[in-house]
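Q: pasting the structure only:
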């Protein structure tokens with residue numbers, strides 16, 4: 001068994017990890033940034049002593065990452081508090097701030113926040129004053145491209161803590177075919193005790209599906225799909241969740257992407273899903289599954305042609321053909 005399916009099986013049913021190819025499993029978990037999640041899933045299982053030490057290290061690292069992520073969120077809150085605008089946490093930091101099941105072992109890279117479009121300039125200036133610095137040359141091609149065509153500012157990094165923040169005004173590039181309602185995302189967000197906010201449960205799933213299937217090449221996609229599995233299992237306890245998710249997916253023009261997320265999460269992780277929203281399996285689901293699982297026994301990505309096809313797809317999704325050709329030509333010349 002190659003490393004991708006091995007990792008999925010261990011996450012889905014920890015008991016199946018006994019006697020497995022441990023080097024392949026650990027390599028895949030590290031490559032997919034799922035080592036912390038795997039460590040918590042295998043807690044209490046009978047594993048070889050060297051593996052047990054690695055898993056304990058991973059749990060300790062995850063606890064540190066959680067503390068660091070929450071501290072970065074607090075620093076961003078303090079920097080922008082005087083603006084009086086909603087600051088919505090996204091992705092892993094939101095999971096940790098709300099202590100969701102998806103946070104258990106969840107790694108966190110950059111801090112991602114969502115602010116109203118009309119407030120994004122003020123938010124950027126407040127962060128710069130508080131010690132974050134722009135990574136892109138002001139007025140350069142990349143800086144202009146981000147500000148004109150992307151759903152977020154050029155990334156900022158803190159000069160002392162060396163931590164990055166991505167400030168979003170919506171969840172997909174304006175040039176993408178679906179047009180999520182950013183104002184509705186913020187209006188329906190949920191307040192956290194810190195004064196920050198997070199997306200509503202339904203919008204959290206919509207965002208995860210958009211990030212996975214409408215705005216990328218699926219690199220590291222097993223972690224994003226694991227997020228969806230954990231979130232769905234928790235949120236589905238509310239009887240009103242599935243109707244809310246159906247409505248929000250349609251409202252944000254992302255119903256096909258949410259449906260695919262449900263189908264693949266159910267297929268790979270055994271997630272209980274709403275059959276009507278998930279819809280019937282599509283032949284293309286197999287291609288997405290193959291891309292998600294494309295790792296060899298060393299944890300390295302394989303199926304180069306398939307990966308390249310999804311890389312091209314990610315660019316086509318983000319911009320029209322003529323704009324894409326101009327963008328690629330400019331980058332090639334640079």
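A: Done, it's in. Treat the numbers as computed from the prediction; the structure is a model and nothing was measured.

Q: residues touching the closest residue to residue 318 other than its chain neighbours, list them.
A: Spatially, and ignoring its direct neighbours in sequence, residue 318 is nearest to residue 173 (5.0 Å; C-beta to C-beta, 6 or more residues apart in numbering). Backbone N, C-alpha and C define where each C-beta goes, glycine included. By C-beta atoms under 8 Å, 6 or more residues apart in numbering, the contact set of residue 173 is 149-151, 215, 318-319.

Q: do residue 122 as well
A: By C-beta under 8 Å, 6+ apart, the neighbours of residue 122 are 83, 85.

Q: Help me confirm that residue 296 comes into contact with residue 303.
A: No. The criterion here is C-beta atoms under 8 Å, and residue 296 misses it with residue 303 at 9.5 Å.

Q: Would you map the helices across the stretch 101-250 of the chain?
A: Using DSSP state H, counting those that start in this stretch, the helices of the stretch 101-250 of the chain run over 120-129, 141-149, 182-187, 201-213, 221-235, 241-251.

Q: Could you say which one of those helices comes nearest to residue 282?
A: helix 201-213 (11.9 Å; C-beta to C-beta).

Q: Quick one: residues contacting the residue nearest to residue 241 when sequence neighbours are not counted.
A: Nearest residue to residue 241 in three dimensions, chain neighbours excluded: residue 235, at 4.8 Å (C-beta to C-beta, 6+ apart). Neighbour list for residue 235: 201-202, 204-205, 241, 245 [criterion: C-beta under 8 Å, 6+ apart].

Q: circling back to that earlier point, can I get the contacts of residue 173 in JSON lines with pLDDT, neighbour count and distance to residue 141?
A: As requested, those are exported to JSON lines (pLDDT from 0 to 100; neighbours: other C-beta atoms under 10 Å; distance: C-beta to C-beta, whole Å):
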{"residue": "149", "pLDDT": "75", "neighbour count": "15", "distance to residue 141": "11"}
{"residue": "150", "pLDDT": "83", "neighbour count": "19", "distance to residue 141": "13"}
{"residue": "151", "pLDDT": "87", "neighbour count": "22", "distance to residue 141": "18"}
{"residue": "215", "pLDDT": "79", "neighbour count": "17", "distance to residue 141": "21"}
{"residue": "318", "pLDDT": "72", "neighbour count": "22", "distance to residue 141": "16"}
{"residue": "319", "pLDDT": "66", "neighbour count": "18", "distance to residue 141": "15"}
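
Q: Tell me the one of these nearest residue 266?
A: Nearest to residue 266 among the contacts of residue 173, with distances taken as C-beta to C-beta, is residue 215, at 22.0 Å.

Q: quick one: contacts of stretch 256-271?
A: With C-beta under 8 Å, 6+ apart, stretch 256-271 has contacts from 8, 11-12, 178, 205-206, 208-210, 212-214, 222, 225-226, 228-229, 232-233, 245, 249, 272-274, 277-279, 281-282, 285, 288-289, 292.

Q: Would you mark the buried spots in it?
A: 257-269, 271 (16 or more other C-beta atoms under 10 Å).

Q: And the furthest pair within these?
A: 257 and 269 (17.4 Å).

Q: pull the helix or strand with minimum mean pLDDT from this protein.
A: Across the helices and strands of the chain, the lowest-confidence element by mean pLDDT, DSSP states H and E is helix 321-333, at a mean of 61.

Q: shaky segments in the stretch 51-200 of the chain?
A: Counting by pLDDT under 70, the stretch 51-200 of the chain has low-confidence residues at 137, 139.

Q: Mind jotting down where the strands sit in it?
A: 88-89, 111-114, 132-134, 156-158, 164-168, 190-191, 197-198 (DSSP state E, counting those that start in this stretch).

Q: To residue 27, which of those strands lies closest?
A: strand 164-168 (26.0 Å).

Q: any idea of the angle that closest one forms with helix 201-213?
A: 110 degrees (axes from the mean of the first three to the mean of the last three C-alpha atoms, to 10 degrees).

Q: what's the spacing between strand 164-168 and its chain's center?
A: 13 Å (C-alpha atoms, centre = their mean, to the nearest Å).

Q: With stretch 113-128 instead?
A: 21 Å.

Q: Go through that stretch and flag the buried ones.
A: By neighbour count on 16+ other C-beta under 10 Å, the buried set for stretch 113-128 is 113-116, 119-120, 122-124, 126-127.

Q: from those residues, which single one is nearest residue 160?
A: Set against residue 160, the nearest of those by C-beta to C-beta is residue 127 (13.3 Å).

Q: quick one: that closest one and residue 297, what's the gap?
A: Applying C-beta to C-beta, to the nearest Å, the value for residue 127 to residue 297 is 43 Å.

Q: circling back: wait, which of the strands of the stretch 51-200 of the chain is closest to residue 312?
A: Among those, strand 164-168 sits nearest to residue 312 (C-beta to C-beta), with 23.9 Å.

Q: quick one: the closest one to helix 120-129, angle?
A: 170 degrees.

Q: Quick one: list the elements packing against strand 164-168.
A: Strand 164-168 sits against strand 111-114, helix 120-129, strand 156-158, with contacts defined as 3 or more C-beta pairs under 8 Å, 6 or more residues apart in numbering; DSSP states H and E.
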